[in-house]
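Colleague: Model the structure of this input:
(chains A and B)
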Amino acid sequence: MFAHRSGLAEWQVVRARMVRTRLGLWLLALAAAALALPGTGDADGTARVGLLAAALAVAFGAGSDADRAALPLALTHPTTPAAVAAGRALAGLVVADAVVLAVVAGHAWRHGWLDPHLARAAVAGMAAAAAGSGCALAAAWTGGNALVGALVAYFALLSAVPPDGLAPVFGPHPLVTIGGALLWVLPGTWRAAALAAGEPGAWLHALAWAAGGTALAAWRLRRRIQ
Amino acid sequence: MITPLVELRDVARAYCGGRVRAVDGVSLALMPGEIVGLVGANGAGKTTLLRLAAGLLAPDSGLVTVLGGPPDRPLARRGTGYAPDGPVFPPALTVREVLDYYARLHVAGPRRRALVAGALALGDLAEVAERRAAALSRGEAQRLALAQAALGGRRVLLLDETLSGIDPVVRRALCDRLARLAQDGVAVLLASHDLTAVERLAGRVAILARGRIVRSASTAELLRERVLEVVLDRPPVEPPAGFRVTATGLERDLGADSVEAALAVCRAHRLAVRASRVRLRTLEDAVLETLDAR
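Modeller: A predicted model of the protein is given here:
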C-alpha cells in the first residue's frame, strides 16, 4: 500500500522535473544523440541509453541538495523510507524506459520494424535502466549529484569495457584489478549482450542492482532519521 | 481515563558522540485538545524534542509514545503532523502540488483533492497555490509547513516556530484555526520564540533550558502575577532589590506587596518617578524570570 502510494507521489515529483527543469532537454538530447550515433538498434546502444537516462532522471528527481533535504518531511506522513526509495527509483525507471522505447521506436521507424534483434535490444535497455536507476539512487542518497555525475561519466565512457578487457591493455597492476572488480560489480553496457540473450547471471545482476540499490538508498534515508 | 496522545518519559538525546546533550531526561505528556507551548533559548532542545516526538530522531534513552505506540509506526505517522522550522519542500513543485504530493501518501482518488483544498484553506494559501514552493517567503513557507502538517486529519500537531515570521493578521487567523483544531481534540505542541503567540494559544507552557524542562505550568498560573512598571526621569545605575531595569525605567513583580510599598522603595532610593502602572505579567516576564533564576 505504502509503495503503491509512494510510487504515484514520487512520479509526480519526477514528472514536474521533466517539464520544469533541464531534465526533459537532457533526455531529448540523449535520445537524439542515440539515434544519430551508430549502434542504436543493438543491445549495447540501448543499454547505454537506459543507464544514462535512469541516472539523469534520478539526478534531477532525487539527487539535488534540496531534494534530499525535503525527504525527512515526507517521512512524517504515512510512508516508509523503503516506499519513498522504491517510488523514486520506479519513477526514474519509468522515465528511462520511455526514453529507451522512444529510441528503439525511432530506430525501427528509420530501418523497419522487422529487425529481429530490436525487441531484445529494447529488453536489454530496459533491464539496464532498472539496474541504473537503483544504482544511481543509492549513489544520489550517499554522495549527492557529485557521485551521480561520476556514475554518468562511467556509464557513458567506461562501462562498455568488460572486466577482463583492462589487463591486456594496461598490464597487471593493482589499479587494473580494482577497475576490473568495479566493472564487474557496477551495472555496465558490457553486459548488454548477455541481457539481450536472456542469460540468468546478467539478469540476476540487473535485478540485484534494481532491488539492492533501492534498498541501499532506503537504508541511507532511514539512517538520516536516527 | 484519558490517555495522552504523546508521552515522553525520561527521554534523552545527545549529539556529537554524547558531548552535546540536546535533550536530557525530559518527561512530557500531551493530552487530546491540549495546546502546550515549548519555550526556551536557542539550543535549549525544543527542536530535538519535537523531532523525537515526530519519529525523525530516535532517543538515546527513555520512551517516546505517540498514539499508544512508537512514533515511527504507520498509525502514528498517519496521526501526527510535523511542521519544521525552515521547511524544505520538493523543489520545482507548486504549493498545490506539494500538498498533493503529501496527500497522495494519505489517500488515493478524489478524496485527495478535498484534503488539498482543506490544507490550502487552513494555511491561508489559496492566493499562492500556483506559485512554486521554492519562491515562497518565509512566512508563506511556514504556512505551507503548517498546512502539510495538518493534512489528513492529524490528531497531533508538532509545530516548530510555525507562527514566527508571519504577519500579525495572518498569525491571528492561524491561531484561531489552531484553537478550533484543539477544540476538536487535536493536541498541539508548539515550540516558539514568539511568546505572544504562545501566550495567546497555549493552555500550558513548558520552559526548556539546556535540554531539561525547568518549569511547566498552566499559562494562567504563569501570568496571574501583577507587575508594576515605573517610568523614571533617568534610569538608575543600580536598580533597587527586586526591580529590573527597562527602557523607560524599572519594573518588578508585585507578588503580595502593595503598589504603595513598591513605590516607596523607589522613593527611598531617591528615584524621580514620573508615572507608574500595574499590568498582568506576560509570558516573556515568566520565561525570563525562570531562565534568569538558573
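Colleague: Pull the contacting residues for the residue sitting nearest the centre point of chain A.
Modeller: For chain A, A:Gly132 is the residue whose C-alpha lies nearest the centre (Cα atoms, centre = their mean; 2.3 Å). If you count contacts by Cβ atoms under 8 Å, 6 or more residues apart in numbering or on different chains, A:Gly132 has them with A:Gly50, A:Leu51, A:Leu52, A:Ala53, A:Ala54, A:Ala55, A:Ala96, A:Phe155, A:Pro187, A:Trp209. From N, CA and C alone the C-beta is placed, and that goes for glycine too.
Colleague: out of those residues, which one sits closest to B:Glu225?
Modeller: A:Ala55 (63.9 Å; Cβ to Cβ).
Colleague: Neighbours of that closest one, how many?
Modeller: 30 (other Cβ atoms under 10 Å in any protein chain shown).
Colleague: for it, what are its contacts?
Modeller: A:Gly132, A:Cys135, A:Ala136, A:Val148, A:Leu151, A:Val152, A:Phe155.
Colleague: Just the mean pLDDT for the helix or strand that contains it, thanks.
Modeller: Per DSSP states H and E: A:Ala55 is located in helix A:43-62. Helix A:43-62 comes out with an average pLDDT of 94.
Colleague: In the helix or strand that comes right after that helix, which residues are buried?
Modeller: Remark: after helix A:43-62, the chain's next helix or strand is helix A:65-74, criterion DSSP H and E. Neighbour-count burial for helix A:65-74, with 16 or more other Cβ atoms under 10 Å in any protein chain shown as criterion, is recorded at A:Asp67, A:Arg68, A:Ala69, A:Ala70, A:Leu71, A:Pro72, A:Leu73, A:Ala74.
Colleague: Now find how far off-centre the following helix or strand past helix A:65-74 is within its chain.
Modeller: Using DSSP H and E, the helix or strand that follows helix A:65-74 in sequence is helix A:81-111. In terms of Cα atoms, centre = their mean, to the nearest Å, the centre of helix A:81-111 is set 9 Å apart from its chain centre.
Colleague: and helix A:81-111 with chain B, contact?
Modeller: No: judged by Cβ under 8 Å from any Cβ of the partner chain, helix A:81-111 stays clear of chain B, getting no closer than 8.5 Å.
Colleague: Go through that helix and flag the buried ones.
Modeller: So for helix A:81-111, counting by 16+ other Cβ under 10 Å, buried means A:81-104, A:106-108.
Colleague: Flag every buried residue along stretch A:141-148.
Modeller: Across stretch A:141-148, burial judged by 16+ other Cβ under 10 Å covers A:Trp141, A:Gly144, A:Asn145, A:Leu147, A:Val148.
Colleague: Same check on stretch B:113-128?
Modeller: Residues of stretch B:113-128 classed as buried: B:Leu115, B:Val116, B:Gly118, B:Ala119, B:Leu120, B:Leu122, B:Gly123, B:Asp124, B:Leu125, B:Val128 (neighbour count, 16+ other Cβ under 10 Å).
Colleague: Give me the residues contacting that stretch.
Modeller: The contact list for stretch B:113-128 (Cβ under 8 Å, 6+ apart) reads B:95-96, B:99-100, B:103, B:106-107, B:129, B:136, B:140, B:143-144, B:146-148, B:150-152, B:170, B:173-174, B:177.
Colleague: quick check: mean pLDDT across that stretch?
Modeller: Mean per-residue pLDDT for stretch B:113-128: 93.
Colleague: And the residue nearest to B:Arg138 when sequence neighbours are not counted, how far from B:Glu140?
Modeller: Once flanking residues are discounted, B:Arg138 sits nearest to B:Gly165: 4.4 Å by Cβ to Cβ, 6 or more residues apart in numbering or on different chains. Remark: distance between B:Gly165 and B:Glu140 (Cβ to Cβ, to the nearest Å) = 9 Å.
Colleague: and the two? which has more neighbours close in?
Modeller: Per other Cβ under 10 Å, whichever of B:Gly165 and B:Glu140 has more neighbours is B:Glu140, with 21 against 17.
Colleague: tell me which element residue 213 is part of?
Modeller: No chain in the question, so chain A it is. Here A:Gly213, judged by DSSP H and E, is contained in helix A:200-224.
Colleague: wait, I meant chain B there
Modeller: Using DSSP H and E, B:Ile213 falls within strand B:212-218.
Colleague: if I look at A:Gly165, how far off is chain B?
Modeller: 40 Å (Cβ to the nearest Cβ, to the nearest Å).
Colleague: Can you check the pLDDT for that residue?
Modeller: A:Gly165 is given a pLDDT of 83.
Colleague: Next: B:Arg234.
Modeller: Per-residue confidence (pLDDT) for B:Arg234: 82.
Colleague: Confirm that it sits in a helix.
Modeller: No: read with DSSP: H, G, I helix; E, B strand; the rest coil, B:Arg234 is coil and lies in no helix.
Colleague: what's the burial count for the closest residue to it other than its chain neighbours?
Modeller: Once flanking residues are discounted, B:Arg234 sits nearest to B:Ala272: 7.1 Å by Cβ to Cβ, 6+ apart. By other Cβ under 10 Å, the residues close to B:Ala272 number 11.
Colleague: Can you pull the phi/psi pair for B:Ala272?
Modeller: For B:Ala272, the backbone dihedrals (degrees, to the nearest 10) come out as phi -80, psi 100.
Colleague: Sketch out the low-pLDDT regions of chain A for me.
Modeller: By pLDDT under 70, the low-scoring segments of chain A are A:1-3, A:39-40, A:226.
Colleague: Now do the contacts for B:Asp253.
Modeller: B:Glu225, B:Arg226, B:Val227, B:Gly242, B:Arg281, B:Asp285, B:Glu289.
Colleague: repeat that with 7 Å
Modeller: Applying Cβ atoms under 7 Å, 6 or more residues apart in numbering or on different chains, we find B:Asp253 in contact with B:Glu225, B:Val227, B:Arg281.
Colleague: beta partners for it?
Modeller: The partner list for B:Asp253 in beta bridges (DSSP bridges) reads B:Val227.
Colleague: still on that earlier bit, now which of the contacts of B:Asp253 would you call buried?
Modeller: The neighbour count (16+ other Cβ under 10 Å) marks B:Val227, B:Arg281 as buried among the contacts of B:Asp253.
Colleague: Just name the closest of the contacts of B:Asp253 to A:Leu27, please.
Modeller: The closest of the contacts of B:Asp253 to A:Leu27 turns out to be B:Arg281 (Cβ to Cβ; 63.0 Å).
Colleague: Next, that closest one: phi, psi?
Modeller: Dihedral angles of B:Arg281 (phi, psi; degrees, to the nearest 10) stand at phi -70, psi 140.
Colleague: next one: B:Arg279
Modeller: phi -130, psi 170.
Colleague: residues contacting it?
Modeller: Contacts for B:Arg279 (Cβ under 7 Å, 6+ apart) come out as B:Val227, B:Glu229.
Colleague: hmm, 8 Å instead?
Modeller: Here B:Arg279 is in contact with B:Arg226, B:Val227, B:Glu229 (criterion: Cβ under 8 Å, 6+ apart).
Colleague: circling back to that earlier point, does the residue nearest to B:Arg234 touch B:Asp233 like I think?
Modeller: Yes: under the criterion of Cβ atoms under 8 Å, B:Ala272 makes contact with B:Asp233 at 4.2 Å.
Colleague: hang on, the earlier thing: what about chain A: which of the contacts of stretch B:113-128 touch it?
Modeller: Applying Cβ under 8 Å from any Cβ, the subset of the contacts of stretch B:113-128 adjacent to chain A comprises B:Asp100, B:His106, B:Gln148, B:Leu151, B:Gly152.
Colleague: re the thing from before, now, of the contacts of A:Gly132, which are buried?
Modeller: The neighbour-count test (16+ other Cβ under 10 Å) marks A:Gly50, A:Leu51, A:Leu52, A:Ala53, A:Ala54, A:Ala55, A:Ala96, A:Phe155, A:Pro187, A:Trp209 as buried among the contacts of A:Gly132.
Colleague: I figured the last one was touching A:Val185, is that so?
Modeller: No: counting by Cβ under 8 Å, A:Val185 is not a contact partner of A:Trp209; they are 9.1 Å apart.
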